[in-house]
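Engineer: Here is a sequence with its predicted model. Questions after.
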Amino acid sequence: MKLGLQLGYWGAQPPSGVAEMVAAAEDSGFDALFTAEAWGSDAFTPLAWWGRETSRLRLGTSIVQLSGRTPASIAMHALTLDHLSGGRVVLGLGVSGPQVVEGWYGQPFAKPLARTREVVDIVRQVLAREAPVASDGPHYPLPYTGPGSVGLGKPLRSIVHPLRADLPIWLGAEGPKNVAQTAEIADGWIPLFYSPASAPMYAEWLAEGFARPGARRSRDDFEIATSCTVAVTDDPAPVLAALKPDVALYMGGMGAKEVNFHKRVFERMGYADLADRVQEHYLAGRRDEAVALVPDELVDQLHIVGDAAKVRDRVAQWEAAGVTTLLLRLTSADEVRRVAEVVL
């Protein structure tokens, strides 16, 4: 099992203590450092800033939102940082949701699977640098010839020779079709709330993707990097309680009532009635009531909390369920070292 330090995205202010945590992760045998973005801080800048203090950690995004940049721009960010880091970038991409895509970026959300496929294709063309980049679209046509075009666009090839044509691309995916497509076209998968309990549900969707003609990977060389909390403690109750607001947020408060992809994850896991009630309270502003509905058993299923022996046993279960990397949200350098000591 590999460990990644998940810095996530910023809240109201930049987080503190990050430099110490990154140094501890580098020294303690962690495999990777990951950043994220929502509608505030971006993923690439903190990754470059903190990544410059490392020499061994892989540097990943989980996730870069597709609608925030054109495909060529995404590729430019990745190839630039890959050169600066000596070939350590993992490009994690995802579609986000309609509230963010249309409300923040001002882009259409329709056809997320087709848009994902086009973006990945264009990024791979840039990285391969075998020919000028061109795409028939319809979502990202290159060169652009639609409304407002002056008709002077032409296919271009990157000035910079990318360091790696096979820079790994991982996709964040939740639904059956998206997961199957991820297994078909990507090098890895960044699931949400994946655990041994839900692994059988996803196995069928992944197998469908791997079986498609031209699939890029097989199950043997495909990475699954899932975010969870690993807490080594003899008193799990307060840790589980502290994790409930995050579960309630994704279950009932993240996304619109009509379209909440995260809520659908819990519905597929068998928590449809609970998810409905949590969402009802959350969207009505009764967040404390929403959090109180989340059972300890569900939180324990989604995270790894317990004494050292239990943590090691649970990590082995997650590895047996196909997880190759645990992306961990930790709060201090001491916590980073403690988890590494127990798990690694």
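Structural biologist: Happy to help now that I have it. Numbering: from 1, shown residues only.

Engineer: Where in this protein is the helix or strand with the lowest mean pLDDT?
Structural biologist: Least confident helix or strand, the chain: helix 261-268 with a mean of 86, by mean pLDDT, DSSP states H and E.

Engineer: How far away from the center of its chain is that one?
Structural biologist: 16 Å (CA atoms, centre = their mean, to the nearest Å).

Engineer: name the helices or strands packed onto that helix?
Structural biologist: If contacts are counted by 3 or more CB pairs under 8 Å, 6 or more residues apart in numbering; DSSP states H and E, helix 261-268 sits against helix 272-283. Yep, even glycine has a C-beta here, placed from its N, CA and C like the rest.

Engineer: Could you list the buried residues of the helix it packs on?
Structural biologist: 274-275, 277-279, 281-282 (16 or more other CB atoms under 10 Å).

Engineer: Stretch 76-95 now?
Structural biologist: For stretch 76-95, burial by neighbour count (16+ other CB under 10 Å) applies to 76-82, 85, 88-95.

Engineer: Out of these, which sit inside helices?
Structural biologist: Counting by DSSP state H, the part of the buried residues of stretch 76-95 found in helices is 76-82, 85.

Engineer: Now flag whichever of the residues you listed is closest to G214.
Structural biologist: Ranked by distance to G214 (CB to CB), those are led by A78 at 22.6 Å.

Engineer: Check what pLDDT the nearest residue to that closest one once chain neighbours are set aside gets.
Structural biologist: Closest residue to A78 apart from its sequence neighbours, by CB to CB, 6 or more residues apart in numbering: L91 at 4.7 Å. In the predicted model, L91 carries a pLDDT score of 98.

Engineer: With G97 instead?
Structural biologist: 88.

Engineer: cool, L192 as well?
Structural biologist: 86.

Engineer: Make 59 the starting number, not 1.
Structural biologist: Right, with 59 as the first residue, what we last looked at is L250.

Engineer: For the spatially most central residue of the chain, list the residues it contacts.
Structural biologist: The centre of the chain sits closest to S120, judged by CA atoms, centre = their mean, with a distance of 3.3 Å. By CB atoms under 8 Å, 6 or more residues apart in numbering, the contact set of S120 is 64, 92-94, 101, 150, 228, 230, 248, 283, 285, 385.

Engineer: okay if I get these as CSV plus secondary structure?
Structural biologist: Listed next are these as CSV, based on DSSP: H, G, I helix; E, B strand; the rest coil:
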residue, secondary structure
Q64, strand
F92, strand
T93, strand
A94, coil
A101, coil
G150, strand
W228, strand
G230, strand
I248, strand
A283, strand
S285, strand
L385, strand
